[in-house]
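**Student:** need a 3D model of the following:
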Amino acid sequence: MTGQTVTDLRDGETPNAGVSLAGERPSERAKAATDGVERKRGDSAVSGSDPDGAPSGRGPASISASKEAGAAPVGRRRRRRRKNANKSGATNGNQSATAQAGAVPSVPGDRHGDGRDAGQAEGQGGRPAVKPGEKKGRRRRRKTGREIQGRPLAPQKAPGQVRPVSRAAAASGQACAAPTAAPVTGGSLATEAPAVRRPVDDLYAALDLGTNNCRLLIAQPTRPGQFRVVDAFSRIVRLGEGLDATGRLSGDAMDRAIEALKICAGKLKNRPVRGHRLIATEACRQAQNGAEFLHRVEAETGLKLEIVTRETEARLAVAGCSSLVGRDTDGLVLFDIGGGSSEIAMIDLTENRTNRLADHIKAWTSLPVGVVTLSERHGGCLVTPEVFAAMVEEVDAMLDAFIPPALPAFSGLGDRRIHLLGTSGTVTTLAGLHLDLPRYDRRKVDGLWLSNDEVDRMLERLLSWDFEARAANPCIGADRADLVLAGCAILQSIRKRWPSERMRVADRGLREGLLNEMMASDGAWRRAGRNFRTRNQRPSPGESP
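**Tutor:** Coordinates of the predicted model:
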């Protein structure tokens, strides 16, 4: 031994960084610990003995010193040194040295947040050596999204949730298939051994077979007065084609309607519908063979349709637009321009206002004219300003026969608390033209406000187009290019009779009215309110909605 003073860690002092212990040169041994290179120099390199061969019990202290100098050995090499240290029997000296340095002695089976065993930490203790001034005994924060062992956590799922399957696994067939919906049996959806079975939703269906369109809606009640559309269908069938001239439904028109109704019947069979109502309107009311056609529909599709009166049709149109009437409205004129008839209702909200808009209908009328019948009388392909004026005059004569009673809300029609509300394809087309949509979008059109000037500009724009220009517009299309100006003529006559500064557009009508009345009479919204959270949960991955 030389005459140098050797500082023992057991005295409670900490050597300065870079100072050698027991006369050792730090350039070789510290560098070997820093680079992680294992130099095989016998047991003295890991057992804690000095160069003379005498055991000093301070081998781990040199490692702690190199740690203070900035060395960070790799975990795999530290495990190797730990195993060699156990073989040399220097564990007791290591524990005493690390205890003085503020480290926790290693405990078999102890785990830390850094993903290593207690014996894998620096300094052969459970934790790294503590620097001067650093808080002692503080554990390292656990990494987010990893287990203690360092492996990724398995995805957590709620009870009854189906494990999502990746596209690659589904394509290779290695993953287990998620439960799929089985055919409807007894009005409930059956799945393959579901963990938790969701309650069956109450679904209601409404079908409207009009003179021009066949429409279906299947919806689920949500909050009071509202519902969520589950499935929908709409197709132009032109059932009333040639009806004004012959008084009968043509064979081609009936075939087109039955093909559309077969699709609707398939949708109804695939859904556990609690209640439904299927109606037919003006074409079947007016046709001589209307009842015969309905018998054919029931025989070929299994759907039993009912012919509703014009008064019922007007009430359903009003009921479908209840949510678009604000509290700042005292009165409105609601009109539905159909294919064979046009319903108009005057609504006064100044007295005893309730949530049911249909209860406030004070006067109504149904004009025996629609877009199909009017265009067939005057020609819909080539419409000049003179032809358009003739169509407006014909509708004016029909409206002159309607004399409503005096209503408080309509004492001043120029008031902004009075407005028009249109629920037909004519007004939705004008809204799409006003917004210059590249394709029709119901979300942007439904509820839109149009001023008088905006409506006038759209009418002038349509009159300036020929048939090809109207057919090329994405909001009109070839199926309605010959009908849109006839609808505009009916609208123009209504605007002349009830002048208003603004008009609201509604992309809704009889189907929504049917759903509202069925849900209200069946108490569907009361049941939905009691079970709102359970019924409106998002479907789990792999589960049918």
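**Student:** can you tell me how far residue 518 sits from residue 418?
**Tutor:** The gap separating residue 518 from residue 418 is 31 Å, by Cβ to Cβ, to the nearest Å. Where you see a C-beta, it was placed from the backbone N, CA and C, and this is true even at glycine.
**Student:** next one: residue 385
**Tutor:** For residue 385 relative to residue 418 (Cβ to Cβ), the value is 30 Å.
**Student:** the more surrounded of the two?
**Tutor:** More crowded of residue 385 and residue 418, by other Cβ atoms under 10 Å: residue 418, with 22 against 10.
**Student:** quick one, what contacts the more buried one?
**Tutor:** Contacts for residue 418 (Cβ atoms under 8 Å, 6 or more residues apart in numbering) come out as 329-333, 409-410, 412, 500.
**Student:** what do you get if the cut-off is 6 Å, keeping everything else the same?
**Tutor:** Applying Cβ atoms under 6 Å, 6 or more residues apart in numbering to residue 418 gives the contacts 331, 500.
**Student:** how about residue 500?
**Tutor:** By Cβ under 6 Å, 6+ apart, the neighbours of residue 500 are 418-420.
**Student:** in a strand, it, correct?
**Tutor:** No - going by DSSP: H, G, I helix; E, B strand; the rest coil, the assignment for residue 500 is coil, not a strand.
**Student:** next one: it, what pLDDT does it get?
**Tutor:** Residue 500 carries a pLDDT score of 90 in this model.
**Student:** how close does it get to residue 343?
**Tutor:** Distance, residue 500 to residue 343, using Cβ to Cβ: 18 Å.
**Student:** ditto for residue 238
**Tutor:** For residue 238 relative to residue 343 (Cβ to Cβ), the value is 20 Å.
**Student:** out of these two, which sits in the busier spot?
**Tutor:** residue 343 (29 against 22).
**Student:** name the SS class of the more buried one, please.
**Tutor:** strand.
**Student:** hmm, it is touching residue 336, no?
**Tutor:** Yes - between residue 343 and residue 336 a contact is recorded at 4.7 Å, counting by Cβ atoms under 6 Å.
**Student:** what touches both of those two?
**Tutor:** By Cβ under 6 Å, 6+ apart, the residues touching both residue 343 and residue 336 are residue 317.
**Student:** Provide a list of residues in contact with residue 397.
**Tutor:** Applying Cβ under 6 Å, 6+ apart, no residues qualify as near residue 397.
**Student:** phi and psi next, for it.
**Tutor:** Main-chain torsions, residue 397, degrees, to the nearest 10: phi -70, psi -40.
**Student:** and the gap between it and residue 439?
**Tutor:** Taken as Cβ to Cβ, the span from residue 397 to residue 439 is 38 Å.
**Student:** what is the neighbour count of residue 481?
**Tutor:** Neighbours around residue 481, by other Cβ under 10 Å: 20.
**Student:** for it, helix, strand, or coil?
**Tutor:** Here residue 481 is coil, with the state taken from three-state DSSP.
**Student:** which residues are contacting the longest helix along the chain?
**Tutor:** If you go by DSSP state H, the chain has its longest helix at helix 251-269. Residues outside helix 251-269 that contact it (Cβ under 6 Å, 6+ apart) are 205, 207, 214, 216, 231, 233, 235, 237-239, 241, 293, 297, 300-303.
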